[in-house]
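Asks: heads up, no residue letters with this:
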């Protein structure tokens, strides 16, 4: 079965640089979520999109922005990177059935290291 | 207050034995979902099992079952016949509400499980 695809899998950036993470949801899934997992931490919700519109926002820094495109893929743009942004970034997708959200399936994650 | 609490320290289990991983939750929303995910050392987040707040029966998925006690607000994961490949971090997570606008997951701190041969 098709899974969530994330690219790149690994990324190394310098402080103050920018990064773009990409996510391709499971086909026919209409909702995309972004989570950030710091070292030894639990995943923290950043932002979500339902049918290409932002549906919820969590603890996402103002330096970060995201969008979902017409083909449902999503991109997380991160600017002015800080050392503390080093983390594993997950994208997850789910579908809506009968107006209700189903299970979120996670991609393999993008491991970002900021030097 | 913590919405999801996982307080067990690292857990150890002998191969082929059963193990229970504890999870308690806190919500005032009558409609919610509880999830367990497995995160091996490689980092991916693997969905294991789901329990809805209105489900009458405990969820089961192969060797995984969920001991759902609604009044006690607990959703413990039971892994039967442990295998070496079960060694991983296990996260309990909750979704409050279930519509598109409020379906984010809140995770617990996780429990490390080590399976001994």
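Replies: Sure thing, it's come through. Quick caveat: nothing in here was measured; it's all calculated off a predicted structure. Residues are numbered from 1 along each chain as shown, chains lettered A, B, ... in the order given.

Asks: need the strands for chain A, in chain order.
Replies: Assigned by DSSP state E, the strands in chain A fall at A:5-7, A:10-13, A:19-24, A:31-37, A:44-50, A:53-57, A:64-68, A:74-78, A:87-94, A:96-97, A:100-101, A:105-106, A:110-114.

Asks: Just list what the third one packs against, helices and strands only.
Replies: It refers to strand A:19-24. Judged by 3 or more C-beta pairs under 8 Å, 6 or more residues apart in numbering or on different chains; DSSP states H and E, the packing partners of strand A:19-24 are strand A:5-7, strand A:10-13, strand A:74-78, strand A:87-94, strand A:110-114. Every residue, glycine included, has its C-beta placed from N, CA and C.

Asks: Point to the residue nearest the middle of chain A.
Replies: In chain A, the C-alpha nearest the mean C-alpha coordinate belongs to residue A:34, at 3.0 Å (C-alpha atoms, centre = their mean).

Asks: Out of the helices and strands packed on strand A:19-24, flag the one nearest chain B.
Replies: In terms of C-beta to the nearest C-beta, the element of these nearest to chain B is strand A:87-94, at 5.9 Å.

Asks: could you give me the average pLDDT of the closest one?
Replies: Across strand A:87-94, pLDDT averages out at 97.

Asks: Sheet-wise, list the partners of that strand with their directions.
Replies: strand A:31-37 (antiparallel), strand A:105-106 (antiparallel), strand A:110-114 (antiparallel) (DSSP bridges).

Asks: and among those, the most buried is which?
Replies: strand A:31-37 (a mean of 25; mean count of other C-beta atoms under 10 Å in any protein chain shown).

Asks: So which residues lie in contact with that one, not counting its own?
Replies: A:23, A:25, A:43-51, A:55, A:60, A:66, A:68, A:72, A:74, A:76, A:87-96, A:101, A:104, A:106, A:109, B:100, B:103-105 (C-beta atoms under 8 Å, 6 or more residues apart in numbering or on different chains).
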